[in-house]
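In: Structure for the following, please:
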Amino acid sequence: MTVHPTATVDSRAKVHPSCKIGPYCVVGPEVELGEGCRLVSHVAIEGPTKIGANNSFFPFCSIGLAPQDLTYAGEPTRLEIGDHNTIREFVTINRGTVKGGGLTRVGNHALVMAYTHIAHDCQVGDHVILANAATLGGHVIVGDWAQVGALCPVHHFVRIGEYAFIGGGTTITRDVLPFSKTAAARDTHAYGLNAVGLERRGFSKERIAKIHHAYKVLLASKLNTSQALEKLRAEADRGEDVERLIKFIEESERGVIK
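Out: Model (predicted):
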């Protein structure tokens, strides 16, 4: 491997020979770095942390350090990061806690922009974008292909549905519906379907039309949430995407943003 003379790599760390570790980086024991990972400079990684292949870490990010939780007592909790992720400057990703299952996880192909925080026990899916200074409290679940805008604080235990788009500066305290556009003017609201995002992800016009209809029932009718779900469940041709949307709402513990 290529290790700058000023970097410190613990002898117990498992680092693939193809990794490049730049100036003033610190890699602690119980860290696993997969093939082709690049630490630009001033990167701190502690373990137990398992990192997959072809991930890039930019200056001053802090990966796998102890969770910011007052109940944490030094237990050997973990962080797992998948493949092909870009972790930008000053990002912090903490390990899990025992009460939260002991694992923080980031999937594959994520772009985590500068100053983002991913707290203990978060589960971040694949192809997620977290813009500058997005802040995930503990136990947050982010679905595949979701995008969280800059300067967004996300309350702990919140779920962000797949393909959701959250506008910058939006405070999230309840679950964000899959496929939705959610933003804050005076209050935080779902503003309908993330149609452009779904088109870019290859959704057919028929699939988008079915989801759009479901959103009209949920957001634009005079029905309350229970009545809207009952109406959608009664529609025989609602499709798999609407079924996932219904299930997401039914499983919500904090309520959803409408």
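In: C-alpha only now, for contacts and for neighbours.
Out: Fine.
In: what's around S226, how many residues?
Out: Residues within reach of S226, counting by other Cα atoms under 10 Å, total 12.
In: which element is it on?
Out: In this assignment (DSSP states H and E), S226 forms part of helix 225-233.
In: any idea which helix or strand comes after that helix?
Out: Once the chain leaves helix 225-233, the next helix or strand it forms, by DSSP H and E, is helix 239-250.
In: Now do that next one against helix 225-233, angle only.
Out: Between the axes of helix 239-250 and helix 225-233, defined by axes from the mean of the first three to the mean of the last three Cα atoms, to 10 degrees, the angle is 160 degrees.
In: what's next to helix 239-250, contact-wise?
Out: Contacting residues not belonging to helix 239-250 are listed as 161, 177-178, 207, 210-211, 214, 229, 232-233, 255-256 [Cα atoms under 8 Å, 6 or more residues apart in numbering].
In: From those residues, keep the buried residues only.
Out: 161, 177-178, 207, 210-211, 214, 229, 232, 256 (16 or more other Cα atoms under 10 Å).
In: In strands only, show me the residues you listed.
Out: In strands, judged by DSSP state E, none of the buried ones among the contacts of helix 239-250 are found.
In: Need those in TSV (columns: pLDDT and distance to V9).
Out: Converted to TSV, the buried ones among the contacts of helix 239-250 look like this (pLDDT from 0 to 100; distance: Cα to Cα, whole Å):
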residue	pLDDT	distance to V9
G161	97	38
L177	95	43
P178	96	41
R207	94	50
K210	94	53
I211	94	50
A214	93	53
L229	94	54
L232	94	56
V256	90	45
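In: Which two among these are spaced furthest apart?
Out: Using Cα to Cα, the pair of these lying farthest apart is R207 and V256, separated by 22.3 Å.
In: so which two of the contacts of helix 239-250 are the farthest from each other?
Out: Greatest spatial distance among the contacts of helix 239-250 (Cα to Cα): R207 and G255, at 25.3 Å.
In: Now do the end-to-end distance for stretch 159-173.
Out: Distance between the boundary residues of stretch 159-173 (Cα to Cα, to the nearest Å) amounts to 10 Å.
In: which of the residues in it are buried?
Out: 159-173.
In: can you check stretch 205-220 too?
Out: 207-208, 210-215, 217-219.
In: what's the answer for stretch 73-84, then?
Out: In terms of neighbour count (16+ other Cα under 10 Å), stretch 73-84 has its buried residues at 77-84.
In: just stretch 116-130 next, same as before
Out: Using 16+ other Cα under 10 Å as the test for burial, stretch 116-130 gives 116-130.
In: Name the nearest of these relative to L136.
Out: I118 (5.1 Å).
In: I'd assumed G96 was in contact with that closest one.
Out: No. Checked against Cα atoms under 8 Å, the pair I118 and G96 is beyond contact range at 10.4 Å.
In: if we can go back for a sec, can you lay out the contacts of helix 239-250 as a markdown table showing distance to A134?
Out: What follows is those, written out as a markdown table (distance: Cα to Cα, whole Å):
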| residue | distance to A134 |
| --- | --- |
| G161 | 16 |
| L177 | 18 |
| P178 | 19 |
| R207 | 30 |
| K210 | 31 |
| I211 | 27 |
| A214 | 29 |
| L229 | 31 |
| L232 | 33 |
| R233 | 35 |
| G255 | 21 |
| V256 | 20 |
